[in-house]
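> With the input below, show me the fold.
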Amino acid sequence: MKFRICFTLFFVSVLILSGLPADAEEQQGCFLSGLHHTGEGMRSWYEAKDGFMAISGVPYDALGCKNCHVQSCDDCHLQKTDAGCAYSTETARSSDTCLKCHAREKATAKYDEMNACMGVHAKSNMVCMDCHSKKEVHGDGKAYTSMRQDGAMDTACTDCHTKDTTEYPALPDTKSHTVHKGKLACNACHVQNSMTCYNCHFGVLAKTKCKPKSFAAKAKDFLLLVKYKGKVTSGTMQSLVGKNNEPFISYVPYFTHSIMCEGRKCEQCHATEAVKTLAASKEFTPAVFKDGKLEFYKGIIPVVPELLNWPFLEKKGEKWVTFEPKTPPLVQMALYAEPFTPEDLKNLKVKIKYEE
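Residues are numbered from 1 along each chain as shown. Model (predicted):
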């Protein structure tokens, strides 16, 4: 750790001398306590009482995924050219730099491109730093334990979509934007779909104890809805299996960056099969394993953890098969996610036809 800090300080001094950027010394202090460097966001939820470490038994410091967190200025700013190495803000602003670590966002972008459903921001050739701030990337000098903690992130759709310009159209004064009375986040209607790597296995199926093996399924058909700070927003889930086939599910608010210009119609969320089933306090199965493949429910699923029945898989020989867990899954509402209440489901069960 001391070596890493000294290493970072050395290269920050190079930045200062080179003038890239002028406030590099201040940013260095923020960086050392920022989430990109500390990785405390992942640690706090993984090591929580209801976190996955309760099942995996693998300490956070032994996980391979922690190595993705930024160790020095090199990880984002270093540019290698024929003339040698130099620090570059241009390299740090490139989305390719961000996507080296943000694998789900990279998979989402690839999926959307392959299926001709690119999001509106991707079509406009926007990059990550067009929306995210320097403060979010470098930190602000405060030690946060989650990116969802108040103050850690400040990017919002309304940073751009309140301006009355051709480039950034203002939010239209339509029924869709007023009827929910501020209780519905933009993400709930404008995020196209979700992304999750399903059924990660720790222990016996992994080559090492800290590198999990997952069933090869990236689910994009469904979109989970969770609540965050009282608002309905887009979410996703992660199912994992411990070394002795102990099941675990984590639900989180999630922004996939796959954004539609036009939001969902009312009937795509209201009075759907999933909503009616959950509102009746009946179990709903979001995915079915058939002929070696997972088939996911296509549509919106409000998160009611005790009523969602996700299949769990294990590998026997060369084939994945379903198994019935001996104990109920340990369920975590992470990143401050909140489940839907009976009252929420009652409102969502009302059939509404889209009209503007």
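
> Tell me who's in contact with H69.
H36, H37, T38, G39, M42, C101 (C-beta atoms under 8 Å, 6 or more residues apart in numbering). No exception for glycine: its C-beta is placed from N, CA and C like everyone else's.

> Run through the helices of the stretch 251-356 of the chain in chain order.
Using DSSP state H, counting those that start in this stretch, the helices of the stretch 251-356 of the chain run over residues 273-279, 342-349.

> out of the ones you listed, nearest to L32?
helix 342-349 (41.2 Å; C-beta to C-beta).

> Now do A143: how many residues are near it, please.
11 (other C-beta atoms under 10 Å).

> tell me which element it falls in.
Using DSSP states H and E, A143 maps to neither a helix nor a strand.

> if you skip the residues just before and after it, what's nearest to it?
Excluding the flanking residues, the one nearest A143 by C-beta to C-beta, 6 or more residues apart in numbering is S33, at 4.7 Å.

> number of nearby residues for G51?
20.

> One more: K49?
Around K49 there are 8 residues (other C-beta under 10 Å).

> Render the CA-only coordinates of stretch 176-183 in PDB, please.
Taking Å, rounded to 0.1, in the frame of the first residue of the first chain, the C-alpha atoms of stretch 176-183 are listed here in PDB:
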ATOM      1  CA  SER A 176     -46.200  11.100 -18.800                       C
ATOM      2  CA  HIS A 177     -43.900  13.500 -17.000                       C
ATOM      3  CA  THR A 178     -46.400  14.800 -14.500                       C
ATOM      4  CA  VAL A 179     -48.900  12.000 -13.600                       C
ATOM      5  CA  HIS A 180     -46.500  10.200 -11.200                       C
ATOM      6  CA  LYS A 181     -45.900  13.400  -9.200                       C
ATOM      7  CA  GLY A 182     -42.100  13.100  -8.900                       C
ATOM      8  CA  LYS A 183     -42.200   9.500  -7.700                       C
END
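
> For stretch 238-253, list every residue counted as buried.
Within stretch 238-253, the residues that count as buried by 16 or more other C-beta atoms under 10 Å are 238-243, 245-253.

> Now do the contacts for the residue lying closest to R148 once chain neighbours are set aside.
Nearest residue to R148 in three dimensions, chain neighbours excluded: L335, at 4.5 Å (C-beta to C-beta, 6+ apart). For L335, the contacting residues are W45, S146, M147, R148, Y228, V252, P253, by C-beta under 8 Å, 6+ apart.

> can you check W45 too?
G51, S146, S250, Q332, A334, L335.
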